[in-house]
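In: sequence and predicted structure, then a few things I'm wondering about:
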Amino acid sequence: MQYAALVDDLLDFIQRSPTPWHAVDNACGLLAKAGFAHLLETDCWPSKGCEAGFVTRDDGSLIAFRAGRRPLLDGGIRLAGVHTDSPGLRIRPRPTRQSQGYGQFNIETYGGVLLHPWYDRDLSIAGRVTGADANGELVSTLVDFRDPIAFIPSLAIHLDREANKGRNINPQSELSPVALRLGEGDSFDLEQVLLDRINADGDVSIARVLSWDLLLYDTQPPARVGLRGEFIASARLDNLLSTYVSLRALLAAGDEHASMIVCNDHEEVGSVSASGAQGTFLSNVLERLIANEDSRADAFPRVVRRSLMLSIDNAHGVHPNFADKHDGEHRPLLNGGPVVKSNANQRYAGGSASVALFRALCERTGVPCQFFANRADLACGSTIGPLTAAELGIPVLDIGVAQFGMHSIRELAGGEDPAYLLTCVTEFFNRLA
Ligand code: CO
């Protein structure tokens, strides 16, 4: 795999996926093209199972798998777990407001947003919309405006001389994006704007808009950055980088062992939802796949305990301007290969046995590997790893590539790390030890 081609594909995937729902839709497209069968949770699944399939929940979460030739009770399942959502600004049910003759979006924050970088960006909106067609039938569709249609202007330094001295941002009053200048008797009617846009796109036709989930995003395309082009700058690297690489690994995997990717929505807001990592999505799918092969009551725990999940989410690379934010011996570098994340207090999942397996895998494939552990005096982040381990009893190891600016509207990662990660995850699916 040429890493340049992989990076091109990754950046294209991220740009076409401004929302978790678009990311899942794009992933489903690639899976269907590769011959994976689309299963619905509400259907009866074929009793003989299927060789390769995928299933979604609530549009934002996706599980895809290869059944493998080896019995599950014998070989278990190799899973890669990622998340599809990213922190950002979302539009409230009453979506607009007016101030000083300007029409603005009425927003709330989603997840742990780094607020400052949202100022002075050319913003667009995207999401999913449900409306009624001419016969009153409900119709749902994805929408992406693509063009820059909103902007959150900074306050001039002349009007806030303290602006460079640690100013706080009030997300309720100081972050509303400006969308238009209103004339006399003018109004900002988002439902009409959505209706016009959806009908102009032509995929579906609706008579009125009933509901939506919409978010704002930066229209600046992803880019290669650096004197030698060794970095990639983009929104949503956390965690669409891991999502896309895991998907590519599954597509490239052989069919001897059972392999699976689990892409969860709602990680950035704590994972407590029907489609989040603390919900029932993964356990329901595993129960059905395992019961298809062996209906004995003990089959589920036996398969689960024989399985292993790599929970893949980006890690904090040591920032050259803020190096003391890291422990001196745990300073992951961009383009330094996957990072094994560990935390004695179980904020990350792992343990010496799974770390040893992963290190051996890296050595075998010639991929460098790094270690991260938080400073003891800083609160440690977490991800879907410990949650999935606790919910299912499945062994999990937390890894991920290093990045800067996590949760910024534009993040920076290394351009060689996606290929390192792809090599590791593909090897993990094909040959564990
Ligand atoms: Co993340």
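Out: In hand now; what should we look at?

In: tell me the bridge partners for the spatially closest residue to residue 338 that is not a sequence neighbour.
Out: Distances taken as Cβ to Cβ, 6 or more residues apart in numbering put residue 399 closest to residue 338, at 5.0 Å, once the chain neighbours are dropped. For every residue, glycine as well, the C-beta is placed using N, CA and C. Taking DSSP bridges, one finds residue 312, residue 340 as the beta-bridge partners of residue 399.

In: residue 260 is in what secondary structure piece?
Out: strand 258-264 (DSSP states H and E).

In: what packs against that strand?
Out: Where contact means 3 or more Cβ pairs under 8 Å, 6 or more residues apart in numbering; DSSP states H and E, strand 258-264 is packed against helix 20-33, strand 61-66, strand 77-83, helix 237-252, helix 281-293.

In: what is the neighbour count of the residue nearest to residue 338?
Out: 31 (other Cβ atoms under 10 Å).

In: for it, give its distance to residue 27.
Out: Taking Cβ to Cβ, to the nearest Å as the measure, residue 399 falls 20 Å from residue 27.

In: so the lowest-mean-pLDDT helix or strand in the chain, near the ion or not?
Out: Across the helices and strands of the chain, mean pLDDT, DSSP states H and E gives its lowest value to helix 384-392, namely a mean of 89. No - Helix 384-392 lies out of reach of the ion by Cβ under 5 Å from the ion, never closer than 8.7 Å.

In: so which elements touch that helix?
Out: Partner elements for helix 384-392 (3+ Cβ pairs under 8 Å, 6+ apart): strand 77-83, helix 281-293, strand 308-312, strand 396-400.

In: list the buried residues in that helix.
Out: 384, 385, 386, 387, 388, 389, 391, 392 (16 or more other Cβ atoms under 10 Å).

In: now that helix against helix 237-252, angle please.
Out: Going by axes from the mean of the first three to the mean of the last three Cα atoms, to 10 degrees, helix 384-392 is angled at 60 degrees with respect to helix 237-252.

In: contacts for helix 384-392, please.
Out: Applying Cβ atoms under 8 Å, 6 or more residues apart in numbering, the external contacts of helix 384-392 come out as 81-83, 262, 264, 267, 271, 277-278, 282-283, 286, 304, 309, 311, 313, 346-350, 394-398.

In: ok, and which of those residues reach the ion?
Out: Okay, of the contacts of helix 384-392 touching the ion (Cβ under 5 Å from the ion), that's residue 313.

In: and the buried ones among the contacts of helix 384-392, selectable in PyMOL?
Out: What follows is the PyMOL syntax selecting those of the contacts of helix 384-392 that are buried according to 16+ other Cβ under 10 Å:
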select buried, resi 81+82+83+262+264+267+271+277+278+282+286+304+309+311+313+347+348+349+350+394+395+396+397+398
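
In: format the helices and strands packed on helix 384-392 as JSON lines; extra columns: mean pLDDT.
Out: JSON lines is the format used below for the helices and strands packed on helix 384-392 (pLDDT from 0 to 100):
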{"stretch": "strand 77-83", "mean pLDDT": "97"}
{"stretch": "helix 281-293", "mean pLDDT": "95"}
{"stretch": "strand 308-312", "mean pLDDT": "97"}
{"stretch": "strand 396-400", "mean pLDDT": "95"}
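
In: right, and the ones you listed - which one's nearest residue 215?
Out: When those are compared by Cβ to Cβ, strand 77-83 sits nearest residue 215, at 15.2 Å.

In: what about stretch 275-286, distance to the chain center?
Out: On the basis of Cα atoms, centre = their mean, to the nearest Å, stretch 275-286 is displaced by 16 Å from the centre of the chain it belongs to.

In: do me a favour and get the end-to-end distance for it?
Out: Terminal residues of stretch 275-286 lie 14 Å apart, using Cα to Cα, to the nearest Å.
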